[in-house]
Structures are given as structure tokens and as C-alpha cells.
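A.B. asks: Dropping a prediction and its sequence here:
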Amino acid sequence: MALSAPKAVFLLAVGIAAGIFNGVAGGGTLLTFPALLAVGLPALTANITSAVGIVPSYVGSISGFRRELEGQWPRVRSLVPALVVGGASGAILLLTTPAASFRSVVPWLVLGATALFALQPLVARSLDHLGPDHPSRALLLQAGTLLIAVYGGYFGAAMGVMMLAVFGIALTEPLLRVNGLRAVCSVVLCALVAAIFLIHGQVAWLPAALIAAGTLVGGWAGATVARSLPSAVLRAIVVVVGTATALVLLLR
């Protein structure tokens, strides 16, 4: 589709902002999806174009979280099957089923994940007696990743908040390392979903390219910001992002 210069600049700026959101905690889809609707794309095309455009944000985030990812690559590899199965299932559901019924549930899923993340330190402490290698933790990590991947393939708003909530409970890792893991899992999931959508062929290429260019820069900047914040401040930002996402979805 053709875009005027102001619309092109608008999408580039939205991409940068969305990348910063995704680098810090997730939630970039909350910006890119309505922005694509605003420049005239139909809802399904906007959702698919957004999914393609935000992939670079997580690539930028991984660059910013290099230190936090040391020693975590075996864990990433163990989660790839759940990410692939869940993400493919969610993307296929989006392309083959009516969206209205599921969309009505999404804000409550986001609110639930946000509340879980806010309470995560308390929940995690209650599980301290299990130890870091207890089978229950591994089961929670795999099952939670699978369900989040289905959601991420279908819609994805505040997916990062959901990952931080589940990963923070299932793992005995500092928040920054959990955030680094979230960034890698997000890029695996989003790249897979984007590939499925590319095959389907409803991507608006120019808007996707503009958003992608912005999110690459923003993702790196967001990860850099996240690494500089105290854990309590980062946690508060994640809760605010998750709550705002849910409220916007409820009012849409």
C-alpha cells in the first residue's frame, strides 16, 4: 500500500516506541496494532503486519541482554518445542476461526497475568521448598510456555508480561535474567508466527518494514533501559504496562 510521508514517519516513530516497550517488558503490539488500523489497514491485515513488524524488536532486545543470557541457552533450546507447537497453533487459529469470542477474553487474560506478575515474588517464595530443579518447576515452565505461545500466535498483546509472570515463578533467577529469557523466547515465537503469516500472504509490506526498522532500534534501547533500572522499578513498569494493555483492550 502507498503511504504519505506523515504516515510513514508516524509508523516509524510507533515502531521505535513499540520496540522500547518490548525491550523493557513487552506490550509493543498495543501500539503497533492500532497504529496500523489508523493508517487504513483492515483488522486481520493489521494484526498480521504487526506480528511481522515487531520481530526485530526482540532481536534488538537480545543484543541488549547479552550478559543476562549467559548460561541460559540450554534452557532456551528446551523451550523451543513448546514455542513452536503453541505459536503455530495460535497462528492457525487466528487464520481459521472467528476472532470475536476470543478477543472478549483477552483483557481478562492480560489482567490475570499482570496480577500474577505483581504477586510473583510472594508466589515464588512459597515454592522455595521445591528447590530449583524440582520436576514441578519444569512442568510449570513447559506448560506455561505452551499456553503463552498459543496466545502469542493468536494475538500477543502483553505476551511479555505473561512470560515474565510464568518464568519468574517457575525459575529461581533474578528478574533481569528472566527478562533476557523472555526476549529470546519472544523472538523465536514471533519469527515463527511471522513466517506462517508470510505464507498466508496478508502482510502490508511497506508498513511492516517501517515498523520493523523502528522496533529494531527501540528493542535495543528498551533492553538497555531495563538493565539500568532497579528490579522494583522494572517490576512496577511491567505491572503498569500490563494493566494499561488490559484497560485499552477492555475499552476498545
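C.D. replies: Thanks, I have the structure now. It should be emphasised that the depicted structure is a prediction, and the values quoted were computed from it without experimental measurement.
A.B. asks: hang on, residue 165 packs against residue 110?
C.D. replies: No - counting by C-beta atoms under 8 Å, residue 165 sits too far from residue 110 to count as a contact (10.6 Å). C-beta: built from backbone N, CA, C; applies to glycine.
A.B. asks: Looking only at neighbour counts, state which of the two leads.
C.D. replies: For residue 165 and residue 110, the more surrounded residue by other C-beta atoms under 10 Å is residue 110, and the numbers stand at 29 against 26.
A.B. asks: can you pull the contacts of that one?
C.D. replies: Contacts were defined as C-beta atoms under 8 Å, 6 or more residues apart in numbering; by that measure residue 110 touches 157, 158, 161, 162, 242, 245, 246, 249.
A.B. asks: Which phi and psi values does the residue nearest to residue 141 when sequence neighbours are not counted adopt?
C.D. replies: Counting by C-beta to C-beta, 6 or more residues apart in numbering, the nearest residue to residue 141 once its immediate chain neighbours are dropped is residue 170, at 3.9 Å. Note on residue 170: its backbone torsions stand at phi -80, psi -20 [degrees, to the nearest 10].
A.B. asks: Then the one 10 residues further on?
C.D. replies: Here is the backbone geometry of residue 180 (degrees, to the nearest 10): phi -60, psi -40.
A.B. asks: Hmm, it is touching residue 72, no?
C.D. replies: Yes - under the criterion of C-beta under 8 Å, residue 180 lies in contact with residue 72, with a separation of 6.7 Å.
A.B. asks: So which of these two has more stuff around it?
C.D. replies: Under the criterion of other C-beta under 10 Å, the comparison of residue 180 against residue 72 puts residue 180 first, with 26 against 17.
A.B. asks: List the contacts of that one.
C.D. replies: Taking C-beta under 8 Å, 6+ apart, we find residue 180 in contact with 62, 65, 68, 69, 72.
A.B. asks: Among the residues you listed, which one has the most neighbours?
C.D. replies: The residue in the contacts of residue 180 with the most neighbours, by other C-beta under 10 Å, is residue 65 (26 neighbours).
A.B. asks: Once you drop chain neighbours, what's closest to it?
C.D. replies: Of all residues beyond its chain neighbours, the one nearest residue 65 is residue 180 (3.6 Å), with distances taken as C-beta to C-beta, 6+ apart.
A.B. asks: next one: residue 117
C.D. replies: Counting by C-beta to C-beta, 6+ apart, residue 165 is the residue found nearest to residue 117 once chain neighbours are left out, at 3.8 Å.
A.B. asks: Please identify the helix or strand for that neighbour.
C.D. replies: helix 159-170 (DSSP states H and E).
A.B. asks: Render the CA-only coordinates of that helix in CSV, please.
C.D. replies: Coordinates of the C-alpha atoms in helix 159-170 are reproduced here as CSV (Å, rounded to 0.1, in the frame of the first residue of the first chain):
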residue,chain,number,x,y,z
MET,A,159,2.6,-11.6,25.9
GLY,A,160,5.9,-10.5,27.5
VAL,A,161,4.1,-9.8,30.8
MET,A,162,2.7,-13.3,30.7
MET,A,163,6.1,-14.8,30.1
LEU,A,164,7.7,-12.8,32.9
ALA,A,165,5.0,-13.9,35.3
VAL,A,166,5.3,-17.6,34.5
PHE,A,167,9.1,-17.6,34.1
GLY,A,168,9.5,-15.7,37.3
ILE,A,169,7.6,-18.3,39.3
ALA,A,170,9.0,-21.4,37.5
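A.B. asks: Which other helices and strands does it contact?
C.D. replies: If contacts are counted by 3 or more C-beta pairs under 8 Å, 6 or more residues apart in numbering; DSSP states H and E, helix 159-170 sits against helix 106-118, helix 120-126, helix 135-154, helix 175-200, helix 231-251.
A.B. asks: What is the least confident helix or strand in this structure?
C.D. replies: With mean pLDDT, DSSP states H and E as the measure, the helix or strand of the chain carrying the lowest mean pLDDT is helix 100-103 (a mean of 62).
A.B. asks: coming back round to it: how near is the residue nearest to residue 65 to residue 74?
C.D. replies: To residue 74, residue 180 is 14 Å away according to C-beta to C-beta, to the nearest Å.
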